[in-house]
Each structure stands twice: as structure tokens, then as C-alpha cells.
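Visitor: just need the structure, nothing else, for what follows:
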Amino acid sequence: MATEQIECPECGAEIESMDQLESEELHEIHSTPKGGIGYGEATRNLYLCKNCRKPLGVGRGDAD
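Guide: Numbering: from 1, shown residues only. From the prediction side, this is the model:
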């Protein structure tokens, strides 16, 4: 099954597989009624271009 490649809008690198991305785990955040920020229990993976570290997507915190 062929997958569509994407191009990093920052540096122009062609991303063909997950091996060409870095991921960082992020905690879900939300605003509180008094204007502060709270942290949720859910985590998400932020996917970055390995070449320039531009954020390219967000996925579930477990194995996608």
C-alpha cells in the first residue's frame, strides 16, 4: 500500500516515512475558568521534521 509523501513547508524536505520524523510527547492543556492553564491526563505526540524541527502533525500518545 503506497502512502502519500508530504513536503515540509519550512525546509522543503520530502517526508516519505515516520523514520524521517521526530516525535515529542506533549501533555494536553486546557484553559481554566479563571484564565489559567491546566494540564489534562491525555498525552499526544507532536511530530517534527528531522531536518528543521518544524511541527508537522499531532497524533495519539500511544503507538499510532
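Visitor: okay, which residue is most central for this structure?
Guide: Compute the mean C-alpha point of the chain, and by Cα atoms, centre = their mean the closest residue is residue 46, 2.1 Å away.
Visitor: direction included, what does the helix or strand hosting it pair against?
Guide: Taking DSSP states H and E as the definition, residue 46 sits inside strand 37-49. Here strand 37-49 is paired, per DSSP bridges, with strand 21-31 (antiparallel), strand 55-60 (antiparallel).
Visitor: make TSV out of those and add distance to residue 11, mean pLDDT and mean neighbour count.
Guide: For glycine as for every other residue, the C-beta is placed from the backbone atoms N, C-alpha and C. TSV is the format used below for these (distance: least, Cβ to Cβ, whole Å; pLDDT from 0 to 100; neighbours: other Cβ atoms under 10 Å):
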stretch	distance to residue 11	mean pLDDT	mean neighbour count
strand 21-31	13	85	12
strand 55-60	11	87	13
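Visitor: out of the ones you listed, nearest to residue 10?
Guide: Evaluated with Cβ to Cβ, the strands paired with strand 37-49 place strand 55-60 nearest to residue 10, the distance being 9.1 Å.
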